[in-house]
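# just a sequence and a predicted model for now, questions to come.
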Amino acid sequence: MNSHRPPPGGARLVYATGAGRLCPECGQPKGTCRCGARRAAAAARPQGPVRVARETQGRGGKGVSVVSGLALPEAELEALAKALKQRCGSGGRVLDGRIEIQGEHRDTIVAELARRGIDAKRAGG
């Protein structure tokens with residue numbers, strides 16, 4: 001079987017004992033994969049303005065402040081989320097390239113991002 005094509009039925013090998021984690025796109029070990037470099041370059045491009053909005057959907061009426069539009073690598077996004085959570089004194093998480101902070105903290109987050117040199121705008125009402 002060719003390691004560059006997924007097996008029939010769509011099942012993909014994601015770990016091999018000898019190689020460790022495998023790239024889901026090309027099937028090569030993560031250390032030698034070229035797909036990761038392309039994804040990192042695409043993520044480094046600016047994706048538009050940084051918006052700080054409030055969402056309540058699917059949370060039982062409880063609101064969260066959502067920071068979207070940040071074109072940062074995952075590690076830097078996690079570090080920024082940690083700093084914002086500490087600044088707001090609240091919990092939160094990073095999900096799908098967005099930072100979610102529990103509670104209504106839009107003004108605090110916009111001020112903190114501006115202090116860090118990130119141009120952010122408050123979105124929504």
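Structure received. Treat the numbers as computed from the prediction; the structure is a model and nothing was measured. Numbers count the residues shown, from 1 in each chain.

# ok, which stretches of this protein are helices?
35-44, 74-88, 106-115 (DSSP state H).

# what's around residue 71, how many residues?
By the criterion of other Cβ atoms under 10 Å, residue 71 has 15 neighbours. C-beta: built from backbone N, CA, C; applies to glycine.

# so where's this protein uncertain?
For the chain, the stretches with pLDDT under 70 are 1-19, 22, 24, 30, 36-48, 125.

# tell me the centre residue of it?
Residue closest to the average C-alpha location in the chain (Cα atoms, centre = their mean): residue 97, at 2.2 Å.

# I figured that one hits residue 77, correct?
Yes. Using Cβ atoms under 8 Å, residue 97 makes contact with residue 77 at a distance of 7.0 Å.

# shared neighbours, the two?
Contact criterion Cβ atoms under 8 Å, 6 or more residues apart in numbering; residues shared by residue 97 and residue 77: residue 70.

# mind listing the strands for the chain?
15-16, 20-21, 50-55, 64-68, 92-95, 98-102, 120-122 (DSSP state E).
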